[in-house]
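J.: sequence first, then the predicted structure, then my questions.
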Amino acid sequence: MIYTVTFNPSIDYIVKIDNLRLGTVNRTQNEEIYPGGKGINVSIMLKKLGVENKVLGFIGGFTGDEIEARLKSQGCYSEFIKVADGLSRINVKISSKEESEINGRGPRIKGSDVEKLYSQLKDLKSGDILVLAGSIPNTLPENIYEDICDFLSNNINIVVDATRNLLVNVLKYKPFLIKPNKYELEEIFNTKLNDEEEIIEKGKELQKCGARNVLISMAGEGAILVSENGEIFKSKSPKGVVINSVGAGDSMVAGFLAGYLKRGSMEEAFKMGVAAGSASAFSHWMGDKAQVLRLYDEI
């Protein structure tokens, strides 16, 4: 079973305004509402690809109920912990001449709420996969990723998609997969990466620190996988018009896991990951299975 954890889920309210003007009333041309959060995105794409999984995390108030309802409408099974203090956040994303975002804070997560999460994690069994994705709210300890990795048995396959110290500090626990993008890789090593060889070299350095497989997304330039068996896989992005980059990296993680579980091959997992990530980049929200399989055949 695959479990995903989203510490601070959201309702993403996406609006299009031709010309946003501050200090006056603006009328929208289009509006869309989606459940948000990196772990949630992974779960939705896994479900689209026919892989059952369970969504974990924290929700609060009527917005939390709406997140849960929208996941259910996607066929996803969730076991959120409902917190008493505050509301799940609403993130407003404004598409105009310039892109703007207003992100909510989210509910207050108490120690007793975190204890409930650990009770859920105790049920994970050997061979299960746990996906830790995204940032953490300021009401949680900064080392929560490390604490969770330390809490789990060595037979749990951990996947981490996070930035800087959240990612680097869990490498000692030998995660099955990490997925930095090129920019995040440059942040970690505080250097500019100019070509594929430099990117691969840094991926190998992360392996020396403990990561088993390193999947590096490079937006329109494609992706690279530095696998634990020493193989290097590269792919250019399939041809298509990029409509929305939000969720593309999460879809790549989901596609990789779906491909690996179904085919048992790092090469096939990589191809499915690139296809799923591209499908979402070419869609207004998350790509669908038919689109993923079509792109898979092109890679």
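T.: Here it is on my side, so go on.
J.: residues near Tyr13, how many?
T.: 18 (other CB atoms under 10 Å). (C-beta placed from N, C-alpha, C; glycine too.)
J.: list the contacts of it.
T.: Glu31, Glu32, Ile33, Ile90, Asn91, Val92, Lys93 (CB atoms under 8 Å, 6 or more residues apart in numbering).
J.: give me the pLDDT for it.
T.: In the prediction, the pLDDT value recorded for Tyr13 is 93.
J.: filter the contacts of Tyr13 down to just the ones in strands.
T.: Judged by DSSP state E, the subset of the contacts of Tyr13 located in strands is Glu31, Glu32, Ile33, Ile90, Asn91, Val92, Lys93.
J.: picking up where we left off before, so how do I select the buried members of the contacts of Tyr13 in PyMOL?
T.: A single PyMOL command is used to select the members of those judged buried by 16 or more other CB atoms under 10 Å:
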select buried, resi 90+91+93
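J.: from the contacts of Tyr13, pick the one nearest Lys239.
T.: Of all the contacts of Tyr13, Lys239 sits closest to Glu32, with 25.4 Å by CB to CB.
J.: surely that closest one is in contact with Ser283?
T.: No: using CB atoms under 8 Å as the test, Glu32 is too far from Ser283 to be in contact (11.8 Å).
J.: residue ranges for the helices of the stretch 1-150 of the chain, please.
T.: Along the stretch 1-150 of the chain, the segments classed as helices by DSSP state H, counting those that start in this stretch run 38-48, 61-73, 111-121, 144-151.
J.: need the winner for burial among those helices.
T.: helix 38-48 (a mean of 28; mean count of other CB atoms under 10 Å).
J.: which elements pack onto it?
T.: strand 2-6, strand 53-59, helix 61-73, strand 129-133, helix 248-263 (3 or more CB pairs under 8 Å, 6 or more residues apart in numbering; DSSP states H and E).
J.: include mean pLDDT when you put these into TSV, please.
T.: What follows is the helices and strands packed on helix 38-48, written out as TSV (pLDDT from 0 to 100):
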stretch	mean pLDDT
strand 2-6	96
strand 53-59	96
helix 61-73	96
strand 129-133	96
helix 248-263	94
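J.: so which of those comes closest to Ile17?
T.: Taking the helices and strands packed on helix 38-48 one by one with CB to CB, helix 61-73 is closest: 22.5 Å.
J.: quick one: the closest one to helix 38-48, angle?
T.: Following axes from the mean of the first three to the mean of the last three CA atoms, to 10 degrees, one obtains 20 degrees for the angle between helix 61-73 and helix 38-48.
J.: now do helix 61-73: everything it contacts.
T.: 9-11, 33-35, 40, 43-44, 55, 59, 78, 80, 82, 86-90, 107.
J.: now a ChimeraX select for only the buried ones of these.
T.: What follows is the ChimeraX syntax for the buried subset of the contacts of helix 61-73, where burial is set by 16+ other CB under 10 Å:
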select :9,10,11,34,35,40,43,44,55,59,78,80,86,87,88,89,90,107
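J.: so where's the stretch 151-299 of the chain shaky on pLDDT?
T.: Scanning the stretch 151-299 of the chain for pLDDT under 70 picks out no residues.
J.: mind listing the strands for it?
T.: Secondary structure of the stretch 151-299 of the chain (DSSP state E, counting those that start in this stretch): strands at 157-161, 177-178, 213-217, 223-226, 232-235.
J.: can you give the strand pairings for the shortest one, parallel or anti for each?
T.: Right, strand 177-178. If you go by DSSP bridges, strand 177-178 pairs up with strand 157-161 (parallel), strand 213-217 (parallel).
J.: closest to Asn181 out of the helices and strands packed on helix 38-48?
T.: The nearest among those, by CB to CB, is helix 248-263 at 6.3 Å.
J.: by contact count, what packs against that closest one?
T.: helix 38-48, strand 129-133, strand 157-161, strand 177-178, strand 213-217, helix 266-281.
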